[in-house]
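Peer 1: Return a 3D structure for these sequence lines:
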Amino acid sequence: MSFSSISLEAIQRVHTNRKRMVQALIFPFIALVVVDLLQGLEPKGAMAMALNILGMLINTLFAVTTHRIILIGDHAVPPFGLSRWTKRETSFLLHTLAFALIFMPFVLVGMFATSGFWVLIPGLICISWLAARLSLVFPAIAIEDENAGFKLAWELSRGKTGFMLAVVFLLPVISIVISYPLLILPGTDAIASMLGTIILVYEVAILSLAYESLSQKHSEHIINV
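Peer 2: Just a heads-up that it's a prediction; the model follows:
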């Protein structure tokens, strides 16, 4: 399945499940926008830390809910979204933190290297490559795949790095390009935040369908071997 066909399928599934998605995501959607706006005020100290933690928790619920509806159907979550924090969400959050820790050495080298920009380039390449290879862990955890983990994500994405780079980065780049004019205009922060959160639904949906497609191919390969 190509990136274009997965993108079209993501649009179709979001449209098909739009009523349940609106119901299930309305509260985390509002919470994400509020947290984003508060972070835009550049708080310091404990407030900044609290907002970062709250943002990670809400993003976890938002992503898990979206993955489950896209991959399982509108019955995969309660009518008004996830109301309990379970081992599934804890695993999702811990893998998110591990994801960030994997990238940290490359970020630190780029920040403190004396050659600056020229060191940052290979760091960005490594980060992009690792993100493309490991991101499939998140939909796997969200639907409670018994093999979910970075090892599975690595296996599913083997030989599909170019495809996964498009899955992980193309829509976020488009989102930044679309949102940038709003960010530089006064009084449009809320609109830019809402637009970015709406686009996030499609980003998660595309990642879900990439996982679905590659996991099916992987299962077929195992059966045929």
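Peer 1: tell me what the top helix by length along the chain is packed against?
Peer 2: Ranked by number of residues, the top helix in the chain under DSSP state H is helix 189-224. When contacts are defined as 3 or more C-beta pairs under 8 Å, 6 or more residues apart in numbering; DSSP states H and E, helix 189-224 packs onto helix 3-16, helix 18-39, helix 45-71, helix 137-142, helix 150-156, helix 171-184. Bear in mind the C-beta positions are built from the backbone N, C-alpha and C, glycine included.
Peer 1: for the closest residue to Leu209 other than its chain neighbours, what are its contacts?
Peer 2: Nearest in space to Leu209, with sequence neighbours left out and distances taken as C-beta to C-beta, 6 or more residues apart in numbering, is Ile6 at 4.7 Å. Going by C-beta atoms under 8 Å, 6 or more residues apart in numbering, Ile6 touches Val167, Ile206, Leu209, Ala210, Ser213.
Peer 1: again, only using 10 Å
Peer 2: Phe163, Ala166, Val167, Ala205, Ile206, Leu207, Ser208, Leu209, Ala210, Glu212, Ser213 (C-beta atoms under 10 Å, 6 or more residues apart in numbering).
Peer 1: Test my guess that the fifth one contacts Ser175.
Peer 2: No. Proximity of Ile206 to Ser175 does not meet the contact threshold set by C-beta atoms under 10 Å, at 12.0 Å.
Peer 1: Counting neighbours, go ahead and name the busier of those two.
Peer 2: More neighbours surround Ile206 than the other of Ile206 and Ser175, with 23 against 19 (other C-beta atoms under 10 Å).
Peer 1: What separation do you get for the more buried one and Val137?
Peer 2: Relative to Val137, Ile206 is positioned 16 Å away (C-beta to C-beta, to the nearest Å).
Peer 1: same check, this time on Arg20
Peer 2: From Arg20 to Val137 the distance is 25 Å (C-beta to C-beta).
Peer 1: who's more crowded, those two?
Peer 2: Val137 (26 against 20).
Peer 1: Contacts only, for the residue nearest to that one when sequence neighbours are not counted.
Peer 2: Excluding its sequence neighbours, the residue lying closest to Val137 (C-beta to C-beta, 6+ apart) is Ala153, at 4.1 Å. By C-beta under 10 Å, 6+ apart, Ala153 lies in contact with 95, 132-141, 147, 164, 211, 214.
Peer 1: Among those residues, which pair sits farthest apart?
Peer 2: Distances among these were taken as C-beta to C-beta; the most separated pair is Ala132 and Asn147, at 19.5 Å.
Peer 1: Neighbour count: the two, which is higher?
Peer 2: Ala132 (21 against 12).
Peer 1: Could I get the phi/psi values of that one?
Peer 2: For Ala132, the backbone dihedrals (degrees, to the nearest 10) come out as phi -60, psi -40.
Peer 1: correct me, but it touches Arg158?
Peer 2: No. With contact defined as C-beta under 10 Å, Ala132 does not count as touching Arg158 (11.1 Å).
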